[in-house]
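>>> this is the structure alone, sequence omitted:
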């Protein structure tokens, strides 16, 4: 059997943390783009000039739906950022060993 030293285990753990950080950062970039899209779509519906009352209600519902989507995406973005902070702390702790 192959015997691993503590140093080798730490190197593998640090590499794992770096990989997870990259994944979380990519997810943050994706969520930021999606939030921008959702807000842009909400703006389009806000600027709509519907003729009938039903059209106005429908436009307001669609605007609200996109605003709610943006809010959910912001929550997920916050979760990703917190995960990145935890992983950075873990990475620093591992590298300090």
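The structure has been received and is ready for your questions. Owing to the predicted nature of the structure, the values given are computational and were not obtained by experimental measurement.
>>> run a quick neighbour tally on the nearest residue to residue 63 once chain neighbours are set aside.
Nearest non-adjacent residue to residue 63, counting by C-beta to C-beta, 6 or more residues apart in numbering: residue 45, 3.9 Å away. C-beta coordinates here come from the backbone N, C-alpha and C atoms, glycine included. A count of nearby residues for residue 45, using other C-beta atoms under 10 Å, gives 18.
>>> for residue 89, what are its contacts?
Contact analysis of residue 89 by C-beta atoms under 8 Å, 6 or more residues apart in numbering lists nothing.
>>> now residue 18
Residue 18 neighbours (C-beta under 8 Å, 6+ apart): residue 91.
>>> check what pLDDT it gets.
We note a pLDDT of 96 for residue 18 in this prediction.
>>> tell me which element it is part of?
In the assignment (DSSP states H and E), residue 18 maps to helix 6-46.
>>> and that helix, how far out from the chain's middle?
Put simply, helix 6-46 sits 6 Å off its chain's centre (C-alpha atoms, centre = their mean, to the nearest Å).
>>> mind listing what the residue nearest to residue 63 touches?
59-60, 62-63, 66.
>>> distance-wise, check the closest residue to residue 41 other than its chain neighbours relative to residue 43.
Spatial nearest neighbour of residue 41, chain neighbours left out: residue 66 (4.4 Å); criterion: C-beta to C-beta, 6+ apart. Relative to residue 43, residue 66 is positioned 9 Å away (criterion: C-beta to C-beta, to the nearest Å).
>>> which one's more surrounded, the two?
residue 66 (20 against 13).
>>> quick check: angle from the strand or helix carrying that one to helix 6-46?
Using DSSP H and E, residue 66 falls within helix 53-96. Between helix 53-96 and helix 6-46, the angle comes out at 160 degrees (axes from the mean of the first three to the mean of the last three C-alpha atoms, to 10 degrees).
>>> pLDDT score assigned to the most centrally placed residue in the chain?
Central residue of the chain (C-alpha atoms, centre = their mean): residue 77, 3.1 Å from the mean position. As predicted, residue 77 sits at a pLDDT of 98.
>>> right, and it touches residue 32 too?
Yes. Between residue 77 and residue 32 there is a contact at 6.8 Å, judged by C-beta atoms under 8 Å.
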